[in-house]
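Colleague: Sequence first, then the predicted structure:
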Amino acid sequence: MLKVMTVFGTRPEAIKLAPVILELKRRKDVESIVCVTAQHREMLDNALRIFSIKPDHDLNVMRAGQTLPGLTSAVLEGLSPLLALIKPDWVVVHGDTTTTFAASVAAFYAGVAIGHVEAGLRTGNLHAPWPEEFNRRSVDVVANLLWVPTEGAAQALRWEGVAENRIVVSGNTVIDALQIVTRRIAKDGELRDALWRDLPCLDPARRLILVTGHRRESFGGGMDSICDALNQLAARPDVEIVWPVHPNPQVTAAIQRTVRHRSNFHLIAPCDYHSFVALMMRAHLIITDSGGVQEEAPSLFKPVLVTRNETERPEAVAAGAAKLVGVSTQRIVKEASRLLDDADAYAAMAVTQNPFGDGRAAERIVDSLLARPRRT
(Lines give C-alpha, C1' and ligand atoms only; values in the text may rest on other atoms or scores of the structure.)
Protein backbone atom coordinates (compact mmCIF):
# COMPACT_ATOMS: atom_id res chain seq x y z
CA MET A 1 0.00 0.00 0.00
CA LEU A 2 1.07 3.54 -0.69
CA LYS A 3 1.77 5.32 2.60
CA VAL A 4 0.73 8.99 2.45
CA MET A 5 1.10 11.42 5.36
CA THR A 6 -0.78 14.71 5.23
CA VAL A 7 0.67 17.43 7.48
CA PHE A 8 -1.13 20.68 8.36
CA GLY A 9 -1.64 23.05 11.24
CA THR A 10 -4.23 25.80 10.58
CA ARG A 11 -7.95 25.91 9.88
CA PRO A 12 -7.61 26.93 6.20
CA GLU A 13 -5.21 24.03 5.61
CA ALA A 14 -7.60 21.63 7.33
CA ILE A 15 -10.54 22.80 5.23
CA LYS A 16 -8.62 22.59 1.97
CA LEU A 17 -6.95 19.25 2.76
CA ALA A 18 -10.10 17.64 4.14
CA PRO A 19 -11.38 16.56 0.68
CA VAL A 20 -7.95 15.07 -0.10
CA ILE A 21 -7.84 13.17 3.21
CA LEU A 22 -11.38 11.86 2.67
CA GLU A 23 -10.45 10.76 -0.86
CA LEU A 24 -7.25 9.07 0.36
CA LYS A 25 -9.23 7.16 2.99
CA ARG A 26 -11.69 6.06 0.31
CA ARG A 27 -8.95 4.36 -1.74
CA LYS A 28 -8.20 0.76 -0.78
CA ASP A 29 -4.58 0.88 -1.97
CA VAL A 30 -3.58 3.83 0.26
CA GLU A 31 -2.59 3.98 3.92
CA SER A 32 -3.51 7.51 4.98
CA ILE A 33 -1.77 9.05 7.98
CA VAL A 34 -2.91 12.44 9.30
CA CYS A 35 -0.47 14.59 11.26
CA VAL A 36 -1.40 18.00 12.64
CA THR A 37 0.95 20.54 14.14
CA ALA A 38 -1.83 22.61 15.78
CA GLN A 39 -0.19 25.86 14.67
CA HIS A 40 -3.69 27.24 15.42
CA ARG A 41 -5.15 24.94 18.05
CA GLU A 42 -8.81 25.85 18.56
CA MET A 43 -9.51 26.95 15.01
CA LEU A 44 -7.88 23.79 13.65
CA ASP A 45 -9.85 21.47 15.96
CA ASN A 46 -13.07 23.11 14.85
CA ALA A 47 -12.38 22.35 11.18
CA LEU A 48 -11.40 18.77 11.99
CA ARG A 49 -14.77 18.23 13.69
CA ILE A 50 -16.65 19.65 10.69
CA PHE A 51 -15.13 17.04 8.37
CA SER A 52 -14.94 14.22 10.98
CA ILE A 53 -11.17 13.89 10.67
CA LYS A 54 -9.27 12.35 13.59
CA PRO A 55 -5.49 12.97 13.46
CA ASP A 56 -3.17 10.04 13.94
CA HIS A 57 -0.44 12.33 15.30
CA ASP A 58 -0.66 15.75 16.96
CA LEU A 59 2.53 17.77 17.50
CA ASN A 60 0.61 20.42 19.50
CA VAL A 61 3.20 23.14 18.86
CA MET A 62 1.03 26.20 19.54
CA ARG A 63 2.42 28.46 22.27
CA ALA A 64 1.33 31.89 23.46
CA GLY A 65 3.33 34.64 21.76
CA GLN A 66 5.07 32.16 19.50
CA THR A 67 7.55 33.58 16.98
CA LEU A 68 7.99 32.43 13.41
CA PRO A 69 11.49 31.02 14.14
CA GLY A 70 10.16 29.24 17.21
CA LEU A 71 7.23 27.76 15.31
CA THR A 72 9.42 26.65 12.41
CA SER A 73 11.90 24.88 14.69
CA ALA A 74 9.08 23.27 16.72
CA VAL A 75 7.54 21.74 13.59
CA LEU A 76 10.93 20.55 12.31
CA GLU A 77 11.91 19.00 15.61
CA GLY A 78 8.49 17.43 16.15
CA LEU A 79 8.02 16.03 12.67
CA SER A 80 11.53 14.73 11.91
CA PRO A 81 11.51 11.78 14.35
CA LEU A 82 7.95 10.94 13.27
CA LEU A 83 9.03 10.69 9.64
CA ALA A 84 11.91 8.45 10.65
CA LEU A 85 9.49 6.19 12.54
CA ILE A 86 6.65 6.02 9.99
CA LYS A 87 8.70 6.20 6.77
CA PRO A 88 5.88 7.46 4.52
CA ASP A 89 6.19 7.31 0.75
CA TRP A 90 4.77 10.83 0.43
CA VAL A 91 4.24 13.87 2.62
CA VAL A 92 1.37 16.03 1.37
CA VAL A 93 1.19 19.69 2.44
CA HIS A 94 -1.00 22.60 1.50
CA GLY A 95 -0.48 26.22 0.58
CA ASP A 96 1.88 28.60 2.29
CA THR A 97 1.80 28.42 6.10
CA THR A 98 4.80 28.05 8.39
CA THR A 99 3.67 24.46 9.01
CA THR A 100 3.74 23.83 5.25
CA PHE A 101 7.21 25.28 4.89
CA ALA A 102 8.71 23.47 7.91
CA ALA A 103 7.05 20.15 7.07
CA SER A 104 8.46 20.32 3.55
CA VAL A 105 11.96 20.97 4.88
CA ALA A 106 11.60 18.04 7.29
CA ALA A 107 10.42 15.73 4.48
CA PHE A 108 13.22 16.92 2.20
CA TYR A 109 15.81 16.23 4.90
CA ALA A 110 14.27 12.77 5.41
CA GLY A 111 14.33 11.95 1.70
CA VAL A 112 10.53 11.64 1.52
CA ALA A 113 8.69 12.69 -1.65
CA ILE A 114 6.61 15.86 -1.23
CA GLY A 115 3.27 16.74 -2.77
CA HIS A 116 2.19 20.40 -2.65
CA VAL A 117 -1.52 21.18 -2.88
CA GLU A 118 -2.29 24.72 -4.14
CA ALA A 119 1.16 25.18 -5.64
CA GLY A 120 2.20 27.92 -8.05
CA LEU A 121 0.43 30.91 -6.49
CA ARG A 122 2.50 34.08 -6.81
CA THR A 123 2.26 37.80 -6.21
CA GLY A 124 5.87 38.38 -7.28
CA ASN A 125 6.51 40.28 -4.05
CA LEU A 126 8.25 38.42 -1.22
CA HIS A 127 6.80 40.89 1.29
CA ALA A 128 3.14 40.59 0.26
CA PRO A 129 1.82 38.37 1.64
CA TRP A 130 4.57 37.92 4.23
CA PRO A 131 5.91 35.34 4.99
CA GLU A 132 3.54 33.28 2.86
CA GLU A 133 5.03 34.23 -0.51
CA PHE A 134 8.45 33.00 0.65
CA ASN A 135 6.94 29.84 2.13
CA ARG A 136 5.12 28.71 -0.99
CA ARG A 137 8.01 29.51 -3.32
CA SER A 138 10.35 27.48 -1.09
CA VAL A 139 7.98 24.49 -0.97
CA ASP A 140 7.63 24.51 -4.76
CA VAL A 141 11.40 24.19 -5.11
CA VAL A 142 11.52 20.87 -3.22
CA ALA A 143 8.09 19.40 -4.08
CA ASN A 144 8.00 16.36 -6.36
CA LEU A 145 4.37 16.84 -7.38
CA LEU A 146 2.83 20.30 -7.57
CA TRP A 147 -0.97 20.38 -7.73
CA VAL A 148 -1.96 23.77 -9.07
CA PRO A 149 -5.49 25.21 -8.93
CA THR A 150 -5.41 26.95 -12.32
CA GLU A 151 -3.56 27.02 -15.61
CA GLY A 152 -2.21 30.45 -14.59
CA ALA A 153 -0.53 28.91 -11.56
CA ALA A 154 0.91 26.16 -13.77
CA GLN A 155 2.34 28.79 -16.11
CA ALA A 156 3.98 30.58 -13.18
CA LEU A 157 5.81 27.36 -12.33
CA ARG A 158 6.88 26.82 -15.94
CA TRP A 159 8.36 30.33 -15.99
CA GLU A 160 10.39 29.34 -12.94
CA GLY A 161 11.72 26.26 -14.70
CA VAL A 162 9.63 23.57 -13.01
CA ALA A 163 9.50 20.42 -15.15
CA GLU A 164 6.15 19.73 -16.79
CA ASN A 165 5.95 16.20 -15.35
CA ARG A 166 5.89 17.65 -11.82
CA ILE A 167 2.84 19.87 -12.49
CA VAL A 168 -0.78 18.71 -12.29
CA VAL A 169 -3.68 21.14 -12.86
CA SER A 170 -6.21 19.88 -10.31
CA GLY A 171 -8.48 22.79 -9.48
CA ASN A 172 -8.67 24.12 -5.94
CA THR A 173 -9.72 21.75 -3.17
CA VAL A 174 -11.55 24.55 -1.35
CA ILE A 175 -14.29 24.24 -3.96
CA ASP A 176 -14.59 20.54 -3.05
CA ALA A 177 -14.87 21.51 0.63
CA LEU A 178 -17.35 24.29 -0.07
CA GLN A 179 -19.59 21.95 -2.07
CA ILE A 180 -19.55 19.38 0.74
CA VAL A 181 -20.68 21.98 3.26
CA THR A 182 -23.24 23.82 1.09
CA ARG A 183 -24.90 20.50 0.23
CA ARG A 184 -24.98 19.63 3.93
CA ILE A 185 -26.56 22.97 4.86
CA ALA A 186 -29.09 22.74 2.01
CA LYS A 187 -30.23 19.24 3.02
CA ASP A 188 -30.20 19.56 6.82
CA GLY A 189 -32.86 21.96 8.09
CA GLU A 190 -31.94 21.24 11.71
CA LEU A 191 -28.34 22.24 11.00
CA ARG A 192 -29.49 25.44 9.24
CA ASP A 193 -31.63 26.43 12.22
CA ALA A 194 -28.78 25.73 14.63
CA LEU A 195 -26.35 27.81 12.58
CA TRP A 196 -28.59 30.88 12.62
CA ARG A 197 -29.32 30.50 16.33
CA ASP A 198 -25.59 30.75 17.04
CA LEU A 199 -25.07 33.82 14.84
CA PRO A 200 -26.10 37.41 15.68
CA CYS A 201 -29.69 38.41 15.01
CA LEU A 202 -29.71 39.81 11.48
CA ASP A 203 -32.41 41.96 9.99
CA PRO A 204 -33.52 40.35 6.69
CA ALA A 205 -34.46 43.81 5.40
CA ARG A 206 -30.81 44.89 5.57
CA ARG A 207 -28.06 43.70 3.24
CA LEU A 208 -25.25 41.83 4.93
CA ILE A 209 -21.61 42.83 4.46
CA LEU A 210 -19.35 40.00 5.63
CA VAL A 211 -15.82 41.04 6.66
CA THR A 212 -12.63 39.18 7.44
CA GLY A 213 -9.17 40.63 8.02
CA HIS A 214 -5.95 39.24 9.43
CA ARG A 215 -3.04 39.84 7.03
CA ARG A 216 0.22 40.87 8.70
CA GLU A 217 0.97 43.47 6.03
CA SER A 218 -2.20 45.35 7.10
CA PHE A 219 -1.23 45.57 10.76
CA GLY A 220 -1.01 49.11 12.10
CA GLY A 221 -2.28 51.90 9.89
CA GLY A 222 -3.77 49.60 7.25
CA MET A 223 -6.05 47.81 9.68
CA ASP A 224 -7.10 51.15 11.17
CA SER A 225 -8.05 52.40 7.69
CA ILE A 226 -10.14 49.28 7.04
CA CYS A 227 -11.95 49.80 10.35
CA ASP A 228 -12.61 53.45 9.49
CA ALA A 229 -14.17 52.39 6.19
CA LEU A 230 -16.42 49.91 7.96
CA ASN A 231 -17.48 52.59 10.44
CA GLN A 232 -18.63 54.72 7.53
CA LEU A 233 -20.46 51.85 5.85
CA ALA A 234 -22.16 50.93 9.14
CA ALA A 235 -23.68 54.42 9.21
CA ARG A 236 -25.92 53.33 6.33
CA PRO A 237 -29.38 52.23 7.56
CA ASP A 238 -29.69 49.56 4.85
CA VAL A 239 -26.72 47.35 5.82
CA GLU A 240 -25.52 45.09 8.59
CA ILE A 241 -21.88 44.16 9.01
CA VAL A 242 -20.63 40.91 10.51
CA TRP A 243 -16.92 40.47 11.24
CA PRO A 244 -15.69 37.14 12.70
CA VAL A 245 -12.58 38.55 14.38
CA HIS A 246 -9.28 36.70 14.00
CA PRO A 247 -7.67 36.10 17.42
CA ASN A 248 -4.37 37.76 16.49
CA PRO A 249 -3.77 40.49 19.14
CA GLN A 250 -2.87 43.08 16.51
CA VAL A 251 -6.24 42.59 14.81
CA THR A 252 -8.21 42.82 18.05
CA ALA A 253 -6.21 45.88 19.17
CA ALA A 254 -7.01 47.74 15.93
CA ILE A 255 -10.69 46.93 16.30
CA GLN A 256 -10.81 48.03 19.93
CA ARG A 257 -9.02 51.24 18.98
CA THR A 258 -11.08 52.27 15.98
CA VAL A 259 -14.44 50.49 15.60
CA ARG A 260 -17.41 52.54 16.80
CA HIS A 261 -20.22 50.65 18.46
CA ARG A 262 -23.37 50.39 16.35
CA SER A 263 -26.27 47.99 16.62
CA ASN A 264 -25.77 46.88 13.00
CA PHE A 265 -22.01 46.21 13.33
CA HIS A 266 -21.48 42.75 14.81
CA LEU A 267 -18.02 41.73 15.98
CA ILE A 268 -18.15 38.00 16.67
CA ALA A 269 -15.71 35.28 17.67
CA PRO A 270 -14.17 33.16 14.90
CA CYS A 271 -16.91 30.85 13.69
CA ASP A 272 -16.69 27.30 12.45
CA TYR A 273 -16.70 26.53 8.74
CA HIS A 274 -20.40 25.61 8.71
CA SER A 275 -21.28 29.01 10.17
CA PHE A 276 -18.88 30.89 7.92
CA VAL A 277 -20.27 29.25 4.79
CA ALA A 278 -23.79 30.11 6.00
CA LEU A 279 -22.69 33.73 6.40
CA MET A 280 -21.19 33.76 2.90
CA MET A 281 -24.43 32.34 1.50
CA ARG A 282 -26.41 35.08 3.28
CA ALA A 283 -24.00 37.93 2.45
CA HIS A 284 -24.69 40.61 -0.14
CA LEU A 285 -20.98 41.35 -0.54
CA ILE A 286 -17.73 40.37 1.16
CA ILE A 287 -14.79 42.54 2.20
CA THR A 288 -11.72 40.44 2.93
CA ASP A 289 -7.97 39.97 2.74
CA SER A 290 -8.35 36.17 2.76
CA GLY A 291 -7.10 34.13 -0.16
CA GLY A 292 -9.56 31.32 0.53
CA VAL A 293 -12.57 33.64 0.48
CA GLN A 294 -11.46 34.98 -2.91
CA GLU A 295 -11.72 31.38 -4.14
CA GLU A 296 -14.99 30.46 -2.42
CA ALA A 297 -17.14 33.54 -3.02
CA PRO A 298 -17.45 33.19 -6.83
CA SER A 299 -19.09 29.78 -6.35
CA LEU A 300 -21.74 31.53 -4.24
CA PHE A 301 -22.02 34.50 -6.67
CA LYS A 302 -20.87 36.99 -4.05
CA PRO A 303 -18.77 40.04 -5.07
CA VAL A 304 -15.51 40.36 -3.16
CA LEU A 305 -13.58 43.52 -2.33
CA VAL A 306 -10.01 42.50 -1.49
CA THR A 307 -8.26 44.72 1.05
CA ARG A 308 -4.84 44.06 -0.42
CA ASN A 309 -2.72 45.74 -3.07
CA GLU A 310 -1.66 42.44 -4.65
CA THR A 311 -3.21 39.02 -4.92
CA GLU A 312 -1.81 35.61 -5.79
CA ARG A 313 -5.28 34.74 -7.10
CA PRO A 314 -5.55 37.06 -10.12
CA GLU A 315 -8.07 34.71 -11.74
CA ALA A 316 -10.83 36.05 -9.45
CA VAL A 317 -10.01 39.61 -10.49
CA ALA A 318 -9.80 38.67 -14.17
CA ALA A 319 -13.18 36.93 -13.94
CA GLY A 320 -14.70 40.11 -12.51
CA ALA A 321 -15.69 38.42 -9.24
CA ALA A 322 -13.14 40.28 -7.09
CA LYS A 323 -11.64 43.76 -7.02
CA LEU A 324 -8.45 44.90 -5.29
CA VAL A 325 -9.20 47.94 -3.12
CA GLY A 326 -6.14 48.03 -0.85
CA VAL A 327 -6.49 49.54 2.61
CA SER A 328 -7.60 53.02 1.56
CA THR A 329 -10.65 54.05 3.58
CA GLN A 330 -11.95 56.15 0.70
CA ARG A 331 -11.51 53.39 -1.89
CA ILE A 332 -13.18 50.72 0.26
CA VAL A 333 -16.18 52.96 0.97
CA LYS A 334 -16.46 54.01 -2.67
CA GLU A 335 -16.39 50.49 -4.10
CA ALA A 336 -18.68 49.02 -1.43
CA SER A 337 -21.16 51.86 -1.92
CA ARG A 338 -21.11 51.28 -5.67
CA LEU A 339 -22.06 47.63 -5.15
CA LEU A 340 -24.80 48.63 -2.73
CA ASP A 341 -26.25 51.40 -4.90
CA ASP A 342 -25.64 50.29 -8.50
CA ALA A 343 -27.55 47.13 -9.45
CA ASP A 344 -25.71 46.77 -12.76
CA ALA A 345 -22.30 47.01 -11.09
CA TYR A 346 -23.37 44.40 -8.56
CA ALA A 347 -24.71 42.03 -11.22
CA ALA A 348 -21.48 42.31 -13.21
CA MET A 349 -19.48 40.97 -10.25
CA ALA A 350 -22.06 38.49 -8.94
CA VAL A 351 -22.76 36.59 -12.16
CA THR A 352 -19.44 34.91 -12.88
CA GLN A 353 -18.10 31.41 -13.32
CA ASN A 354 -15.71 30.29 -10.63
CA PRO A 355 -12.23 29.98 -12.18
CA PHE A 356 -10.92 27.81 -9.34
CA GLY A 357 -12.49 24.46 -10.05
CA ASP A 358 -15.45 22.12 -10.28
CA GLY A 359 -15.30 20.24 -6.97
CA ARG A 360 -13.24 17.28 -8.24
CA ALA A 361 -9.76 18.51 -7.30
CA ALA A 362 -9.21 15.90 -4.56
CA GLU A 363 -10.03 13.09 -6.97
CA ARG A 364 -7.50 14.38 -9.50
CA ILE A 365 -4.84 14.82 -6.80
CA VAL A 366 -5.15 11.27 -5.50
CA ASP A 367 -5.31 9.82 -9.02
CA SER A 368 -2.05 11.54 -9.94
CA LEU A 369 -0.44 10.44 -6.69
CA LEU A 370 -1.31 6.80 -7.32
CA ALA A 371 -0.04 7.08 -10.87
CA ARG A 372 3.37 8.13 -9.53
CA PRO A 373 3.76 6.31 -6.21
CA ARG A 374 7.45 6.96 -5.64
CA ARG A 375 9.89 9.85 -5.86
CA THR A 376 10.07 11.41 -9.33
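Modeller: Here it is on my side, so go on.
Colleague: Could you check which helix or strand contains residue 168?
Modeller: In this structure, residue 168 sits in strand 167-169 according to DSSP states H and E.
Colleague: which stretches of the stretch 1-150 of the chain form helices?
Modeller: For the stretch 1-150 of the chain, applying DSSP state H, counting those that start in this stretch gives helices covering 11-26, 41-50, 68-86, 98-110, 132-142.
Colleague: Could you export those helices to a markdown table, including columns for mean pLDDT?
Modeller: As requested, the helices of the stretch 1-150 of the chain are exported to a markdown table (pLDDT from 0 to 100):
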| stretch | mean pLDDT |
| --- | --- |
| helix 11-26 | 96 |
| helix 41-50 | 88 |
| helix 68-86 | 96 |
| helix 98-110 | 97 |
| helix 132-142 | 96 |
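Colleague: quick one: residue 143 and residue 104 touch, right?
Modeller: Yes - between residue 143 and residue 104 there is a contact at 6.9 Å, judged by C-beta atoms under 8 Å. Every C-beta, even on glycine, is put in place using the N, C-alpha and C of the backbone.
Colleague: how about the residue of the chain most remote from its centre, secondary structure?
Modeller: Distance from the C-alpha centroid of the chain peaks at residue 237, with 31.6 Å (C-alpha atoms, centre = their mean). Three-state call for residue 237 (DSSP: H, G, I helix; E, B strand; the rest coil): coil.
Colleague: Enumerate every residue touching it.
Modeller: residue 206 (C-beta atoms under 8 Å, 6 or more residues apart in numbering).
Colleague: ok, the residue nearest the centre of the chain - contacts?
Modeller: Among the residues of the chain, residue 292 comes closest to the average C-alpha position under C-alpha atoms, centre = their mean, at 3.5 Å. Contacts here follow C-beta under 8 Å, 6+ apart; on that basis residue 292 touches 12, 15-16, 174.
Colleague: Kindly report the same for residue 269.
Modeller: Contact partners of residue 269, counting by C-beta under 8 Å, 6+ apart, are 244-245.
Colleague: How much space separates it from residue 104?
Modeller: As defined by C-beta to C-beta, to the nearest Å, residue 269 lies at a distance of 32 Å from residue 104.
Colleague: hang on, the earlier thing: want to try CSV for the helices of the stretch 1-150 of the chain, with distance to residue 342 as columns?
Modeller: Listed next are the helices of the stretch 1-150 of the chain as CSV, based on distance: least, C-beta to C-beta, whole Å:
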stretch, distance to residue 342
helix 11-26, 32
helix 41-50, 36
helix 68-86, 43
helix 98-110, 40
helix 132-142, 34
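Colleague: can I get these in TSV with distance to residue 357 and mean neighbour count?
Modeller: Converted to TSV, those look like this (distance: least, C-beta to C-beta, whole Å; neighbours: other C-beta atoms under 10 Å):
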stretch	distance to residue 357	mean neighbour count
helix 11-26	11	24
helix 41-50	19	19
helix 68-86	28	16
helix 98-110	20	24
helix 132-142	18	20
